[in-house]
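Participant: A predicted structure for the sequence below; I have some questions about it.
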Amino acid sequence: MEILGSGTSSGIPTVGCDCWVCRSDNPRNKRLRASVLFRVGPPADETRLLVDVTPDIRMQALRAGVSSVHAVLITHTHADHCHGLDDLRALYWGGGRQPIDLWAYPESLASLKRTFAYIFDDEYDYKGIARLNPATFEHQPFVAAGVRVSPIPVVHGNMRVAGFRVGDAAYITDCNEVPQTSIEKLKGTRVLILDALRRAPHPTHMSLPAALDVARRIGVERVFFTHINHDLEHESVNKELPDWARLGYDRLRVAVEADGKVTIREPGENTQPHAVAW
């Protein structure tokens, strides 16, 4: 997985804020809105599954060197997770103008069709839009662009949100609860990217202590936290965490390799990923 954005809905730095995190020069404290890219298979022939289409997707795609994706997975339809949908057009063009498969809960797809009606209108003849193949899922695994994906339902206030597991890696954003049934679905996951908004409790997001507890209950080998606000400064918080947990950051790549090693690649590295050593 590649973390395209690790920030909360306002992004970090936050407009109008002069706290020490928003003023930080550390690039790992600069966070675009939360999204990941599953990269499945060898780099020369990888399948790319984009999770959520944030208002920052243009910059995220440019930074990741991505000009096309094979499928889009939607967690939920809050603005910071889907209001970049129009910018899929560049990835549609980059993919040879082949319609992009888009997977979502039924209620999420219905919401997208209301908000972006023109994109889903087959009779809308303007050429400057993405063409999508919409599909829905519920509780059972589905196949997106040839890749088996297991949806992981979590609770976000009064809304259900979809997490996703692909092989031994999983991604869960906005949630304040991971039900026990979903914990069981995540057993055996080796790498998890998980919502952890701040230290203090929040009504619709997990706090850092709550997220650590969920990761322990799952028994993951490595966890990276995401959807982070400006209460959490990257370096100082990481010093407090157990050695199997870290704050995520934009452009981090983490993978479970064929030989079983968990590897990471720092932003800007052109070499193969290297074994995690913390």
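Facilitator: It's in. Residues are numbered from 1 along each chain as shown.
Participant: contacts, neighbours, all on C-alpha from now
Facilitator: Will do.
Participant: and the end-to-end length of stretch 21-40?
Facilitator: 34 Å (CA to CA, to the nearest Å).
Participant: so where is the stretch 151-278 of the chain shaky, pLDDT-wise?
Facilitator: 268-278 (pLDDT under 70).
Participant: try 80
Facilitator: Filtered on pLDDT under 80, the stretch 151-278 of the chain yields the residue ranges 258-260, 266-278.
Participant: what sits against Ala64?
Facilitator: Applying CA atoms under 8 Å, 6 or more residues apart in numbering to Ala64 gives the contacts Leu4, Arg251.
Participant: do Arg217 as well
Facilitator: Ile183.
Participant: what strand or helix carries it?
Facilitator: Applying DSSP states H and E as the criterion places Arg217 in helix 208-218.
Participant: burial of the closest residue to Pro209 other than its chain neighbours, as a residue count?
Facilitator: Distances taken as CA to CA, 6 or more residues apart in numbering place Arg199 nearest to Pro209, at 6.8 Å, with adjacent residues excluded. If you count neighbours by other CA atoms under 10 Å, Arg199 ends up with 17.
Participant: I'd like the distance between Arg199 and Leu208.
Facilitator: Applying CA to CA to Arg199 and Leu208 gives a distance of 5 Å.
Participant: per-residue confidence for the closest residue in space to Asn133 that isn't next to it in sequence?
Facilitator: Nearest residue to Asn133, sequence neighbours excluded (CA to CA, 6+ apart): Asp101, at 4.5 Å. Note on Asp101: pLDDT of 98.
Participant: now do the SS call for Asp101.
Facilitator: strand (DSSP: H, G, I helix; E, B strand; the rest coil).
Participant: who's in contact with it?
Facilitator: His70, Ala71, Val72, Leu132, Asn133, Pro134, Ala135, Ala144, Ala145.
Participant: from those residues, list just the buried residues.
Facilitator: The neighbour count (16 or more other CA atoms under 10 Å) marks His70, Ala71, Val72, Leu132, Pro134, Ala144, Ala145 as buried among those.
Participant: what residues are bridge-paired with the third one?
Facilitator: By that I understand Val72. Counting by DSSP bridges, Val72 is bridged to Leu50, Leu102.
Participant: run a quick neighbour tally on Asn26.
Facilitator: 12.
Participant: any idea how far His230 is from it?
Facilitator: 13 Å.
Participant: buried stuff in the lengthiest strand in the chain?
Facilitator: In the chain, taking DSSP state E as the definition, the longest strand is strand 147-156. Applying a neighbour-count criterion of 16+ other CA under 10 Å, one finds Val147, Val149, Ser150, Pro151, Ile152, Pro153, Val154, Val155, His156 buried in strand 147-156.
Participant: hmm, back to that, return the helix holding Arg217 as CSV; C-alpha atoms alone will do.
Facilitator: Output of helix 208-218 as CSV, limited to C-alpha atoms (Å, rounded to 0.1, in the frame of the first residue of the first chain):
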residue,chain,number,x,y,z
LEU,A,208,-4.6,7.1,19.3
PRO,A,209,-5.0,4.9,22.4
ALA,A,210,-8.2,3.4,21.0
ALA,A,211,-6.5,2.6,17.7
LEU,A,212,-3.6,1.0,19.5
ASP,A,213,-6.1,-1.2,21.4
VAL,A,214,-7.8,-2.3,18.1
ALA,A,215,-4.4,-3.1,16.5
ARG,A,216,-3.5,-5.3,19.6
ARG,A,217,-6.8,-7.1,19.4
ILE,A,218,-6.3,-7.9,15.7
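Participant: after it, next one along is what?
Facilitator: Taking DSSP H and E, what comes next after helix 208-218 is strand 222-226.
Participant: neighbouring contacts of whichever helix or strand comes after that following strand?
Facilitator: Once the chain leaves strand 222-226, the next helix or strand it forms, by DSSP H and E, is helix 234-238. When contacts are defined by CA under 8 Å, 6+ apart, helix 234-238 is touched by residues Arg28, Asn29, Ala245, Arg246, Leu247.
Participant: in helix 234-238, what counts as buried?
Facilitator: For helix 234-238, burial by neighbour count (16+ other CA under 10 Å) applies to His234.
Participant: return the distance of that helix from the chain's centre.
Facilitator: Distance of helix 234-238 from its chain centroid, counting by CA atoms, centre = their mean, to the nearest Å, is 21 Å.
Participant: distance between the ends of stretch 208-226?
Facilitator: Using CA to CA, the end-to-end distance of stretch 208-226 comes out at 10 Å.
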